[in-house]
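1. Any chance you could fold what I've pasted below:
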Amino acid sequence: MQGYLALILHAHLPYVRHPDHDRFLEENWLFEAITECYLPLLDVMDRWIADGVKARLTITLTPTLCSLWQDRLLQDRYVRYLDGLIDLADKEVHRTHWDKALNPVAEFYLARFRAARASYFRRNRDLVSAFRKLQDAGLIEIITCAATHALMPVLHDCPGSMRAQILLARDHYRTCFGREPRGIWLPECAYADEVEEFLKEANIRWFLVESHGLMNATPRPRYGTFAPVFTPDGIAAFGRDFDSARQVWSRNEGYPGDPAYRDFYRDIGFDLDYDYLKSYLPAPPNRSFTGIKYWAITGADPKQTYNRAIALDRAATHAQHFLNARIQQVMQAAAIMDRPPIIVAPYDAELFGHWWYEGPEFLDYFVRKTVFDQKTVKLATPEEYLNWHPTHQVASPSASSWGEEGYCKVWLNPANEWIYPHLRVAHERMVDLVHRHQNPEPLTERALKQAARELLLAQASDWPFILRTGTSPEYARRRIKTHLLRFLALHEQLTLTRIDEPWLAHIEWLDNLFPDINYRCWG
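-> Residues are numbered from 1 along each chain as shown. Next up, the predicted model:
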């Protein structure tokens, strides 16, 4: 082997759970991702083990996502969602019976949804344990993320909150996976040097930065992004490889835009008669995606019917192209380096299956080709690379993110800048609450824990991101205000009045993540 490739998938969703509503539109974000991404990825990895494929993959499972997977209410609602999909797909098989083009696609979806339901119950509806088993078997390395995916640079003047986001994520990882996390995906790959103090405290060994975060390090890295650097605090920073990112993410060159692949946006939820669909929609009369999509991308109308066989053949072609490009990169870098190069290729996990429907199959083809068909590139995790090659240059990465223009513009701009003064005040009050209540009574301790949960949820980077992109701005705005108002009410009860236990119990029921939260992290 001349070099290594570290494939890293970042699996994350915001904490969206609404027990006070029988159905809630945004909960479908989770259900769609389980059906199209997480279960297919688990099935692919299970086949690797069954076939003796010596694959190595790194995956981030964020604390909020794991909490959603483990929630009994959402597990039940996901089964209801799947049952509805199966019923709708069965209706589609009958509706398209005389349509020779669409009927095979309807049959495919019916079989796919039935297989997803079987896969979910085969794993006892516990996806956290399913991924834990893969890690224990040596197939994957699971890394952590900030507790609620808070953007670290905007917390630089709130060290207690930065500390809480890191340490609570570590604690949650221990509970889920029975070991210590060694790596971390800083949310949005956004780096600020203030975070390193708390990474050290959590015993985190490495993290990721965007390409320019490493390339603009001081001093400049000798090997570019083909090797990590150690920061002055002794933590390894791996830079994202530009070329492998471009081949997947580029709007013009990226594989997911190929005309043969399934069109994500053309869905029967918007095409068919409302009365036919309304019982399957999560928030009627609003239309939404159902997951049944009959068309390939194919550019402008008229679109071609989605052909699964052609799409999978294209995925195999792209997998070979991707592998050839990595082999070429490794050979060129290895010729001028005194150590084997490592290509770090991080992606959002939800790209594979949800946005790019054939993505899990692309990964399957690529991994098998890498393991069996060549001897230049070896799949590895960043942790393994550090174990095999422990000596690296010392340098300080620059402030950076993988967002628009490479810094924090997506999360700090005129659409969302109003959030941060409120978060700063809430942070200061949380610190005061911890110092004020050194030995709290049980009810007071419950209120302190809930105040910590509400602050963490308000800090999530998902809400300013949604405000910037405009996908569900009213929902994001409501979530921020709701969590801050609950926090302020708890602060008032803990400092000026008395704790309203029935109301506290109600919001504990609404926002129930991190049951063993250590609010003293803000101390």
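2. Show me what the helix or strand of the chain with the lowest mean pLDDT is packed against.
-> Across the helices and strands of the chain, the lowest-confidence element by mean pLDDT, DSSP states H and E is helix 242-249, at a mean of 90. Using 3 or more C-beta pairs under 8 Å, 6 or more residues apart in numbering; DSSP states H and E as the contact criterion, the secondary-structure elements in contact with helix 242-249 are helix 308-334, strand 342-348. For glycine as for every other residue, the C-beta is placed from the backbone atoms N, C-alpha and C.
3. quick one, the longest one and helix 242-249 angle?
-> Counting by axes from the mean of the first three to the mean of the last three C-alpha atoms, to 10 degrees, helix 308-334 points 170 degrees away from the direction of helix 242-249.
4. quick one: pLDDT of D301?
-> Taken from the predicted model, the pLDDT recorded for D301 is 72.
5. same question but for Y280, I mixed them up
-> Note for Y280: predicted pLDDT of 94.
6. And the one 10 residues further on, by the same measure?
-> Among the per-residue scores, T290 shows a pLDDT of 96.
7. The nearest residue to it once chain neighbours are set aside: what's it in contact with?
-> For T290, ignoring the flanking residues on the chain, the nearest one in space by C-beta to C-beta, 6 or more residues apart in numbering is G269 at 4.2 Å. Shown here is G269, whose contacts under the criterion C-beta atoms under 8 Å, 6 or more residues apart in numbering are L277, L281, R287, S288, F289, T290, I292.
8. give me that answer again for 10 Å
-> For G269, the contacting residues are L88, L277, Y280, L281, N286, R287, S288, F289, T290, G291, I292, K293, taking C-beta atoms under 10 Å, 6 or more residues apart in numbering as the criterion.
9. Could you turn the buried ones of those into a ChimeraX selection?
-> The buried subset of the contacts of G269, as determined by 16 or more other C-beta atoms under 10 Å, is captured in ChimeraX by this line:
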select :88,277,280,281,287,288,289,290,291,292,293
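10. In CSV, list the contacts of G269 along with secondary structure and distance to N216.
-> Rendered in CSV, the data for those read as follows (DSSP: H, G, I helix; E, B strand; the rest coil; distance: C-beta to C-beta, whole Å):
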residue, secondary structure, distance to N216
L88, helix, 50
L277, helix, 50
Y280, helix, 50
L281, coil, 48
N286, coil, 45
R287, coil, 45
S288, coil, 42
F289, coil, 40
T290, coil, 45
G291, coil, 42
I292, coil, 46
K293, coil, 41
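11. Make sure I have this right: P440 is in a helix.
-> No. Checked against DSSP: H, G, I helix; E, B strand; the rest coil, P440 lies outside a helix; its state is coil.
12. Would you confirm that it contacts A451?
-> No. Counting by C-beta atoms under 10 Å, P440 stays clear of A451, with 11.4 Å between them.
13. I'd say P181 and T175 touch.
-> No. Under the criterion of C-beta under 10 Å, P181 makes no contact with T175, lying 11.5 Å away.
14. now the nearest residue to C189 once chain neighbours are set aside: how far from A33?
-> With sequence-adjacent residues excluded and distances taken as C-beta to C-beta, 6+ apart, C189 is closest to W402, at 4.2 Å. Using C-beta to C-beta, to the nearest Å, one obtains 20 Å as the distance from W402 to A33.
15. what does H354 give?
-> Plainly put, H354 is 5 Å away from A33 if you go by C-beta to C-beta.
16. coming back round to it: quick check, pLDDT for the residue nearest to T290.
-> pLDDT, G269: 96.
17. Three-state assignment for it, please.
-> In terms of secondary structure, G269 is helix; the call rests on three-state DSSP.
18. again with E253
-> Under three-state DSSP, E253 falls in the coil class.
19. how about the host helix or strand of F487: buried residues?
-> For F487, the host element (DSSP states H and E) is helix 473-495. Under the neighbour-count criterion of 16+ other C-beta under 10 Å, helix 473-495 has 475-477, 479-480, 482-484, 486-491, 493-494 buried.
20. Out of the residues you listed, which is nearest to D348?
-> Sorting those by how near they are to D348, with C-beta to C-beta, puts A476 at the top with 18.4 Å.
21. ok, for the closest one, nearest residue in space, not its chain neighbours?
-> Among residues not flanking A476 along the chain, I466 sits closest, at 3.8 Å (C-beta to C-beta, 6+ apart).
22. Report the contact partners of that neighbour.
-> 14, 26, 415-416, 460, 472-477, 479-480.
23. what about this structure, any weak spots by pLDDT?
-> Within the chain, the ranges that satisfy pLDDT under 70 run 300.
24. hey, where'd the strands end up in it?
-> Residue ranges of the strands in the chain, as given by DSSP state E, are 3-11, 57-61, 140-145, 183-185, 206-209, 229-230, 236-239, 342-348, 377-379.
25. now the angle from the longest one to helix 308-334?
-> Strand 3-11 and helix 308-334 meet at an angle of 130 degrees, taking the same axes, to 10 degrees as the criterion.
26. one step back: of all the buried residues of helix 473-495, which comes closest to Y306?
-> Using C-beta to C-beta, Y475 is the member of these that lies nearest Y306, at 30.3 Å.
27. Would you mind measuring from the closest one to L467?
-> Here Y475 is placed at a distance of 10 Å from L467 (C-beta to C-beta).
28. same check, this time on A33
-> Applying C-beta to C-beta to A33 and L467 gives a distance of 21 Å.
29. just to revisit the earlier point, out of the buried residues of helix 473-495, which comes closest to D516?
-> Of the buried residues of helix 473-495, the one sitting nearest to D516 (C-beta to C-beta) turns out to be L490, at 18.4 Å.
30. chain center to the helix holding F487, what's the gap?
-> Here helix 473-495 shows a centroid-to-chain-centroid distance of 25 Å under the convention C-alpha atoms, centre = their mean, to the nearest Å.
31. same thing with stretch 178-194?
-> Using C-alpha atoms, centre = their mean, the distance between the centre of stretch 178-194 and that of its chain works out at 13 Å.
32. List the buried residues of that stretch.
-> Buried residues in stretch 178-194 (16+ other C-beta under 10 Å): 181-193.
33. same check, this time on stretch 138-157
-> By neighbour count with 16+ other C-beta under 10 Å, stretch 138-157 contains the buried residues 139-155.
34. domain ranges for the chain?
-> By the record's domain assignment, the chain is partitioned as 3-405, 413-522 (automatic domain parsing).
35. returning to that earlier point: list residues touching both of P440 and A451?
-> Jointly contacting P440 and A451 under the rule C-beta under 10 Å, 6+ apart are L433, V434, L494, Y519.
36. if I pick the second one, what's in contact with it?
-> By C-beta under 10 Å, 6+ apart, the contact list for V434 reads G160, A164, P440, L448, A451, A452, Y519, R520, C521, W522, G523.
37. For I507, which residues are in contact?
-> Remark: with contacts taken as C-beta under 10 Å, 6+ apart, I507 is in contact with A447, Q450, R453, E454, T482, H483, R486, A489, L490, D500.
38. T62 versus the closest residue to the fourth one other than its chain neighbours, what's the distance?
-> When you say that, I think you mean E454. Spatial nearest neighbour of E454, excluding adjacent residues (C-beta to C-beta, 6+ apart): F487 at 4.1 Å. Taking C-beta to C-beta as the measure, F487 and T62 are separated by 21 Å.
39. for Q438, same thing?
-> Q438 is 32 Å from T62, by C-beta to C-beta.
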